[in-house]
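Trainee: Next one to model:
(one chain, ligands or ions: 1)
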Amino acid sequence: MSQQNIVVGVTGGIAAYKMVDVVSQLRKAGFNVHVIMTANASQFINPLTFQTISQNAVMVDQFQAPSHWDVRHISMADKADLFLIAPASANMIGKIANGIADDMLSTTVMATTAPVLIAPAMNVHMYENEIVQQNINRLKALGYQFIDPEFGRLACGYEGKGRLASNDVIVNTILEFNCLKDLQGQKVLITAGPTREHLDPVRFFSNPSTGKMGYALASQAGKRGASVTLISGPSHLPDPKDVNTVRVQTAQQMYEAVLEHECDADIIIGAAAVADYRPVQQAAQKIKKAQDELTLTLVKNPDILREIGKHKNNRILVGFAAETHEPLKYGLEKLVKKNLDLIVINNVSDSDAGFAVDTNRVVLMDVEGNEEKIELTSKQQIAIAIWDYIVKHLINKEA
Ligand code: C5P
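Mentor: Now for the predicted structure:
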């Protein structure tokens, strides 16, 4: 699978310097980044800076490479999986909206069929100018997408809307953007949430899992082009968009649902917190309060991932380890015992990570002995990082 190409167009504005960090983040996220600057942008920041950060030649002048100039803007336009223009000046927005192609950037944008994201940055009165607004609306109507500027103190001294969207907003917009179809063609099966093991019709054994991590993995995989089946224990979360969601209650039902769908899957992720035991008997009626002591006998549930690991063939198998002590040691043991390719280890004794919170902090460990630590962040971001890891280390490795 080839690396995604992002062409970043930088126009003349003080916010151009912020793009050094954005380009660096995009590279770290695995994109191949090509920067095109306008001549004005190169007054604010030296092209060499972007060249060093992007590790690709920076284009400014359409005529800078005489032997190639006539094809360069076309080849770059064709190469782009996504085009980002940031900061986008009123001038550049005006040119694109009116079909003017008189420099390397505007010519390449004109020639591309890739989605174009535009992040304007300018003085508040320029931004509010009716001509600029009409140009923006015209481009929006044509399918160009905008990352709105923020409200704040502007370089010109004014307060208002016009400041380039923050680096995080720009990078996240790109990560979320549909162009990243690096899971296209992959069939993904994910388990999520807790299971419920009923003792009688009104009582059950369960755990605090909400399903957030598994649901985030499912929706992220869907966005990246995979065909996804999510087998979920009881969870209040709505079915993720474009994901085939199968709801179950017990570990046994989850196991059966997984068996039903597994032969179709290329990648299986066990993010569910499956109950290890269930009561041997489930009373048909509510158990009455009688004796002072009640002894329950529990029987082991199937270990879904372990069973699949026994006949995994070419599938990629990913598990989670929720540990309260020595997480790395026990995580590694699980990786081996369950015949996994990757294990996501979290220390559930941290109050801001693991079960039923919105954030997590994990260590990824794979069969090759690679390790990657992901510091505390949202479960959405963790899901993105897990998929990035799978694409980079497990899928591309096999290609
Ligand atoms: O052995 P342990 O329960 O700690 O392993 C956790 C990993 O195994 C998780 O990925 C979980 O989804 C999976 N698992 C499973 N079936 C079980 C128990 C755990 O698939 N019965």
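Trainee: What is the neighbour count of the closest residue to residue 226 other than its chain neighbours?
Mentor: Leaving out its chain neighbours, the residue that sits closest to residue 226 by C-beta to C-beta, 6 or more residues apart in numbering is residue 183, at 3.8 Å. Bear in mind the C-beta positions are built from the backbone N, C-alpha and C, glycine included. Residue 183 is flanked by 24 other residues according to other C-beta atoms under 10 Å.
Trainee: Show me which residues of the chain sit near the ligand.
Mentor: For the chain, the residues in contact with the ligand (C-beta under 6 Å from any ligand atom) are 191, 251, 270-272, 274, 276, 301, 303-305, 319-321, 334.
Trainee: So which of those are in strands?
Mentor: 191, 270, 319, 320, 321 (DSSP state E).
Trainee: For those, which single residue is the most surrounded?
Mentor: Going by other C-beta under 10 Å, residue 191 tops those with 31 neighbours.
Trainee: Could you measure from the nearest residue to it once chain neighbours are set aside over to residue 5?
Mentor: Excluding the flanking residues, the one nearest residue 191 by C-beta to C-beta, 6+ apart is residue 272, at 3.7 Å. Remark: distance between residue 272 and residue 5 (C-beta to C-beta, to the nearest Å) = 37 Å.
Trainee: between those two, who's got more neighbours?
Mentor: residue 272 (28 against 19).
Trainee: Over to the more buried one: give its phi and psi.
Mentor: Recorded main-chain torsions at residue 272 are phi -70, psi 150, according to degrees, to the nearest 10.
Trainee: Please tell me how far it sits from residue 192.
Mentor: Counting by C-beta to C-beta, the gap from residue 272 to residue 192 is 5 Å.
Trainee: Tell me the strands beside the one helix or strand residue 160 maps to, with direction?
Mentor: Taking DSSP states H and E as the definition, one finds residue 160 inside strand 159-163. As defined by DSSP bridges, the strand partners of strand 159-163 come to strand 150-153 (antiparallel).
Trainee: pLDDT of stretch 392-399, averaged?
Mentor: Averaging pLDDT along stretch 392-399 yields 75.
Trainee: ok, and for that stretch, which residues are buried?
Mentor: Across stretch 392-399, burial judged by 16 or more other C-beta atoms under 10 Å covers 392, 393, 394, 395.
Trainee: Ok, stretch 3-16 next?
Mentor: Buried, per 16+ other C-beta under 10 Å, within stretch 3-16: 4, 5, 6, 7, 8, 9, 10, 11, 12, 13, 15, 16.
Trainee: From the residues you listed, which land in strands?
Mentor: 5, 6, 7, 8, 9, 10.
Trainee: Give me the pLDDT for the closest residue to residue 316 other than its chain neighbours.
Mentor: Leaving out its chain neighbours, the residue that sits closest to residue 316 by C-beta to C-beta, 6+ apart is residue 267, at 4.5 Å. Residue 267 carries a pLDDT value of 98.
Trainee: Please apply the same query to residue 382.
Mentor: Confidence score, pLDDT, at residue 382: 89.
Trainee: pLDDT value on the residue in the stretch 51-200 of the chain positioned nearest to the ligand, please?
Mentor: As assessed by C-beta to the nearest ligand atom, the ligand sits closest to residue 191 within the stretch 51-200 of the chain, at 5.6 Å. The model reports residue 191 with a pLDDT of 98.
Trainee: Make sure it is actually in contact with residue 308.
Mentor: No. Using C-beta atoms under 8 Å, residue 191 is not in contact with residue 308; the gap is 10.2 Å.
Trainee: which residues are common contacts for these two?
Mentor: residue 258 (C-beta atoms under 8 Å, 6 or more residues apart in numbering).
Trainee: Now do the domain split for this protein, please.
Mentor: The record's domain parsing of the chain by automatic domain parsing lists 5-177, 187-395.
Trainee: Noted, bye for now.
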